[in-house]
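*Asks:* A structural model of the following input is requested.
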Amino acid sequence: MGMLTEAELQTIIAEQSRQRETLARIAQGSQLELNQHAPRVENATSADAEMWLVGNIGFDWMTGGGVTAADVVNELQSITAKNLTIHVHSGGGDLFEALAIYAAIKNHPAKVTTQVDGLAASAASIVVMAGDRTLMARGSMMMIHEPKGVTIGAAADHQKSADFLNQVADNMAGIYADHGGKRTNWRAKMQAETWYTDEAAVAAGLADEVLSAPAVENTFDLSHYKNVPPALAQARTPEDLAAAAGSAPVQNITINHNYGPGASASAANEEPIVDPNEEPVVTPQEASEPTGQSESGLSVVSARLLIDLAEAEVLAIA
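*Replies:* Have a look, this model is predicted:
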């Protein structure tokens, strides 16, 4: 893999800035606030407190938002209530951020109820397991799967990463077993990427009760998962929001954090094979771009940059 030139790096930075501005316009047109992903707490010093964890688990470099462990720990320190309900609505994110949030919730002296308001997928399902009691809103869902990572190096490096990911997966399975019981083969459920409806989560032991309150609408792009239920696959995505706001769709490359689609990349992010003898075809959209490069081309370069920065270190994500 070749090194990026300074001009290419500046182009990437400019493109990421443009994408952030587009996201801001989308948020304004849709009456959304991109940075409203930090934990929100109400009645911290009363008898019954509530906390909302909504959005990506871990820092989201695309939006500057995300629910980080540091923010959750800071908010938990301010809560003196005896009872704490933590509402979760998240498509997943950084596994180790989720484990840190899990530990912080477990160590809080309050009696904690975790409640899935819409979706608790991937790393977010680990956060939900921290509750003394877990509730599912009517129509909400939970998903568990194997952790994923990126490795650059020789065969020995990939084998080391595989061994590490198996250790991480066993730890995750142990957390699910603590809540759902040890009779279930949780690694098998994770390997199958299992989606649980509200009632199925209760039946599996991952939740204790289904509430009558309806689930909130899903707005996460779940196309990177394999077995997404049709009802969630049709949910509003960032591309839908962009179309509604009259802006061009924004490609969201999330290598460092979210939940990749396994070993194979999506077709949208694969580098095309170009015949050197073939005359290049320039589309009207590409011709109108000042950089002379399409968004998909820049996304490939962005992905290369992130992989370079990984420096053969496995990035455990779920």
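*Asks:* Quick check: what element follows the host helix or strand of Leu135 along the chain?
*Replies:* Per DSSP states H and E: Leu135 is located in strand 133-138. Moving toward the C-terminus from strand 133-138, the next helix or strand (DSSP H and E) is strand 141-144.
*Asks:* For that following strand, give me every contacting residue.
*Replies:* With contacts defined as Cβ atoms under 8 Å, 6 or more residues apart in numbering, strand 141-144 is touched by 92, 116, 118-122, 125, 128, 136, 172, 176, 186, 189-190, 193-198, 201, 206-207, 215, 225, 229, 232. Using the backbone N, CA and C atoms, a C-beta is placed for each residue, glycine as well.
*Asks:* still on that earlier bit, walk me through which strands the strand holding Leu135 pairs with, and which way each runs.
*Replies:* Looking at strand 133-138 with DSSP bridges, its partner strands are strand 111-121 (parallel), strand 209-214 (parallel).
*Asks:* Tell me which of those is the most buried.
*Replies:* strand 111-121 (a mean of 25; mean count of other Cβ atoms under 10 Å).
*Asks:* can you confirm Gln167 is in a helix?
*Replies:* Yes - under DSSP: H, G, I helix; E, B strand; the rest coil, Gln167 sits within a helix.
*Asks:* Would you mind listing the residues in contact with it?
*Replies:* Counted by Cβ under 8 Å, 6+ apart, Gln167 has zero contacts.
*Asks:* can you check Ala81 too?
*Replies:* Here Ala81 is in contact with Asn43, Ala44, Thr45, Ser46, Ala47, Asp48, Ala49, Ala110 (Cβ under 8 Å, 6+ apart).
*Asks:* Redo those as JSON lines? Include pLDDT and distance to Met62.
*Replies:* Formatted as JSON lines, these follow (pLDDT from 0 to 100; distance: Cβ to Cβ, whole Å):
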{"residue": "Asn43", "pLDDT": "81", "distance to Met62": "32"}
{"residue": "Ala44", "pLDDT": "84", "distance to Met62": "30"}
{"residue": "Thr45", "pLDDT": "85", "distance to Met62": "35"}
{"residue": "Ser46", "pLDDT": "88", "distance to Met62": "36"}
{"residue": "Ala47", "pLDDT": "91", "distance to Met62": "39"}
{"residue": "Asp48", "pLDDT": "94", "distance to Met62": "35"}
{"residue": "Ala49", "pLDDT": "94", "distance to Met62": "31"}
{"residue": "Ala110", "pLDDT": "96", "distance to Met62": "33"}
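*Asks:* Could I have the buried ones of those residues as ChimeraX selection syntax?
*Replies:* Filtering those down to the buried ones (16 or more other Cβ atoms under 10 Å) takes a single ChimeraX command:
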select :44,49,110
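*Asks:* want to try JSON lines for the contacts of Ala81, with secondary structure as columns?
*Replies:* Listed next are the contacts of Ala81 as JSON lines, based on three-state DSSP:
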{"residue": "Asn43", "secondary structure": "coil"}
{"residue": "Ala44", "secondary structure": "coil"}
{"residue": "Thr45", "secondary structure": "coil"}
{"residue": "Ser46", "secondary structure": "coil"}
{"residue": "Ala47", "secondary structure": "coil"}
{"residue": "Asp48", "secondary structure": "strand"}
{"residue": "Ala49", "secondary structure": "strand"}
{"residue": "Ala110", "secondary structure": "coil"}
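*Asks:* Produce a ChimeraX select command limited to the buried residues of the contacts of strand 141-144.
*Replies:* Applying 16+ other Cβ under 10 Å to the contacts of strand 141-144, the buried members can be selected in ChimeraX as follows:
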select :92,116,118,119,120,121,122,125,128,136,172,176,186,189,190,193,194,195,196,197,198,201,206,207,215,225,232
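*Asks:* Which of the contacts of strand 141-144 fall in helices?
*Replies:* Counting by DSSP state H, these place Ser125, Val128, Met172, Tyr176, Trp186, Lys189, Met190, Asp198, Ala201, Leu232 in helices.
*Asks:* Just send those back as a markdown table, with pLDDT and distance to Met143 too.
*Replies:* Converted to a markdown table, those look like this (pLDDT from 0 to 100; distance: Cβ to Cβ, whole Å):
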| residue | pLDDT | distance to Met143 |
| --- | --- | --- |
| Ser125 | 97 | 6 |
| Val128 | 97 | 11 |
| Met172 | 96 | 13 |
| Tyr176 | 97 | 12 |
| Trp186 | 97 | 13 |
| Lys189 | 96 | 10 |
| Met190 | 96 | 10 |
| Asp198 | 96 | 13 |
| Ala201 | 97 | 10 |
| Leu232 | 71 | 9 |
